[in-house]
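Novice: mind looking at a prediction? Sequence and model below.
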Amino acid sequence: MEQTEASAAVSGTHGGGERTARKAATALEVVVAVDASEESLHALSWALDNIVRCHPDATLVVVHAQHAVDHFAYPVAAHAVVYAPSAAAESMHTVAQEENSRRIVARALDVCKERQVGATGAVVEGDAKEAICQAVERMQAGLLVLGSRGLGTIKRAFLGSVSDYLIHHACCPVLVVRPRPTK
Amino acid sequence: MAEEAASAPAGTEAPPPGKMTMVAGVDDSDHSFYALQWALRHFFPPGQPQQYRLVVVTAKPSAASAVGLAGPGAADVLPYVEADLKKTALRVIDKAKALCAQVSDAVFEAVEGDARNVLCEAVERHHAEMLVVGSHGYGAIKRAVLGSVSDYCAHHAHCTVMIVKKPKQHKH
């Protein structure tokens, strides 16, 4: 098969990788996970500056994971509990959450626009770790970019870490952007 | 940043201005070479001018930590273990050099010590913007017992860390 990409020739030790190498070399799909934190926006900016620079034809998708609405038990009176939340409470909660997600994604897309990079936004529902993991698999991403809050080991063990989970379970390479050390 | 003529750096500390430094951690496993190849494919495309300076680092564990037995025979075994470790490290570096033939600005180092510390310290020494490591894909138990270099680096390196996993289904 005609090798149009010279890079594939270098990594010619494994034949199966040629097809994926050509696909990956031509269009890198970068997924950036954002939430309300500053670190994730910093990660997005870092990715825009450093990744997109090397790959002018990279596609960027900004993903925000929204917590699924939990079904709380609302105490109706002092001695009665309603299991399913009332429609009004649930819709209010959902609307507020959706508004929040939209704002976060809009902010992220603004950052992309500042650097003249076209990006699409997506909101996935559910537990952040699994939702982002599934989204990455669905989109066949070439790279996942995350921010890192820089929590210590103990805090990470108790609070859980989305980046920890994704490093080990995502189906694509993961880039963890550390907060800039103040020099 | 002032533009200076990019010359081959004699000292490894100050990278030529305008170019960012990427450290790639390799060991004697397929996973780390896959990660290195992935990084080469995406960040050092042969046609375009290269915007990164590549530093390939392999950690050579000290013989004493590798052997781990204390007994009358340990002292005799150590020289052989040391020689074998050195040979492995050199083999890793040679393989990396062969892969990185297309990179114009590449430095190769074999440093003695534990992989975690070696990689983080290399990042600081070269003022790297990015660290690329492979991942063995161990499960949670193995990771807890054997320790995970990629885990450690992701949380302790002072730069962005890229963890590349070798996909299970594509390779044969």
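Specialist: Yes, it's here.
Novice: alpha carbons only for contacts and neighbour counts from here, please
Specialist: Will do.
Novice: how about B:Val23, what does it touch?
Specialist: Neighbour list for B:Val23: B:54-57, B:119, B:122-123, B:128, B:130-132 [criterion: CA atoms under 8 Å, 6 or more residues apart in numbering or on different chains].
Novice: right, I mislabeled it, should have said B:Cys100
Specialist: If you count contacts by CA under 8 Å, 6+ apart, then B:Cys100 has B:40, B:106 around it.
Novice: swap the cut-off to 10 Å and go again
Specialist: By CA atoms under 10 Å, 6 or more residues apart in numbering or on different chains, B:Cys100 lies in contact with A:10-11, B:36-37, B:40, B:44, B:54, B:56, B:94, B:106-108.
Novice: and for B:Lys86?
Specialist: B:60-63, B:80, B:92, B:110, B:112.
Novice: closest to chain A out of the residues you listed?
Specialist: Using CA to the nearest CA, B:Val92 comes nearest to chain A of those, at 15.7 Å.
Novice: check which helix or strand that closest one maps to.
Specialist: Element membership for B:Val92 (DSSP states H and E) is helix B:74-99.
Novice: what of A:Ala122?
Specialist: strand A:119-125.
Novice: and that strand, which strands flank it?
Specialist: The strands beside strand A:119-125 in its sheet (DSSP bridges) come out as strand A:59-66 (parallel).
Novice: buried stuff in the strand it pairs with?
Specialist: A:59-66 (16 or more other CA atoms under 10 Å in any protein chain shown).
Novice: for B:Ala89, which non-adjacent residue is closest in space?
Specialist: Take B:Ala89 and drop its neighbours on the chain: the residue closest to it by CA to CA, 6 or more residues apart in numbering or on different chains is B:Lys60, 6.1 Å away.
Novice: so what does that neighbour have for phi and psi?
Specialist: Note on B:Lys60: its backbone torsions stand at phi -110, psi 110 [degrees, to the nearest 10].
Novice: next, the contact list for it, please.
Specialist: By CA under 10 Å, 6+ apart, the contact list for B:Lys60 reads B:27, B:66, B:82, B:85-90, B:110-115, B:118.
Novice: re earlier: now the two most distant members of the buried residues of strand A:59-66.
Specialist: Of all pairs drawn from the buried residues of strand A:59-66, the one with the longest distance (CA to CA) is A:Thr59 and A:Gln66, at 22.4 Å.
Novice: any chance of the contacts of B:Cys100 in JSON lines, plus distance to A:Glu137 and neighbour count?
Specialist: Output for the contacts of B:Cys100, formatted as JSON lines (distance: CA to CA, whole Å; neighbours: other CA atoms under 10 Å in any protein chain shown):
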{"residue": "A:Val10", "distance to A:Glu137": "28", "neighbour count": "17"}
{"residue": "A:Ser11", "distance to A:Glu137": "25", "neighbour count": "19"}
{"residue": "B:Leu36", "distance to A:Glu137": "22", "neighbour count": "23"}
{"residue": "B:Gln37", "distance to A:Glu137": "22", "neighbour count": "21"}
{"residue": "B:Leu40", "distance to A:Glu137": "23", "neighbour count": "20"}
{"residue": "B:Phe44", "distance to A:Glu137": "26", "neighbour count": "23"}
{"residue": "B:Leu54", "distance to A:Glu137": "30", "neighbour count": "26"}
{"residue": "B:Val56", "distance to A:Glu137": "30", "neighbour count": "24"}
{"residue": "B:Asp94", "distance to A:Glu137": "35", "neighbour count": "13"}
{"residue": "B:Ala106", "distance to A:Glu137": "33", "neighbour count": "18"}
{"residue": "B:Val107", "distance to A:Glu137": "35", "neighbour count": "16"}
{"residue": "B:Phe108", "distance to A:Glu137": "34", "neighbour count": "17"}
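Novice: distance of B:Glu112 from B:Pro61?
Specialist: 6 Å (CA to CA, to the nearest Å).
Novice: ok so, going back, filter the contacts of B:Lys60 to the buried ones?
Specialist: Buried by 16+ other CA under 10 Å: B:27, B:82, B:85-86, B:88-90, B:110-113, B:115, B:118, out of the contacts of B:Lys60.
Novice: out of these, which is nearest to chain A?
Specialist: Distance ranking of these against chain A, using CA to the nearest CA, places B:Asp27 first at 17.6 Å.
Novice: surely that closest one meets B:Gly134?
Specialist: Yes - counting by CA atoms under 10 Å, B:Asp27 touches B:Gly134, with 9.1 Å between them.
Novice: what about the strands in chain A?
Specialist: A:29-34, A:59-66, A:74-77, A:80-82, A:119-125, A:143-147, A:174-177 (DSSP state E).
Novice: any stretches of chain A with poor pLDDT?
Specialist: Applying pLDDT under 70 to chain A flags the ranges A:1-26, A:68-90, A:150-160, A:180-183.
Novice: same thing but at 90, please
Specialist: Low-confidence segments of chain A (pLDDT under 90): A:1-143, A:145-172, A:174-183.
Novice: neighbours of A:Val34, how many?
Specialist: 26 (other CA atoms under 10 Å in any protein chain shown).
Novice: kindly report the same for B:Asp105.
Specialist: By other CA under 10 Å, 18 other residues sit near B:Asp105.
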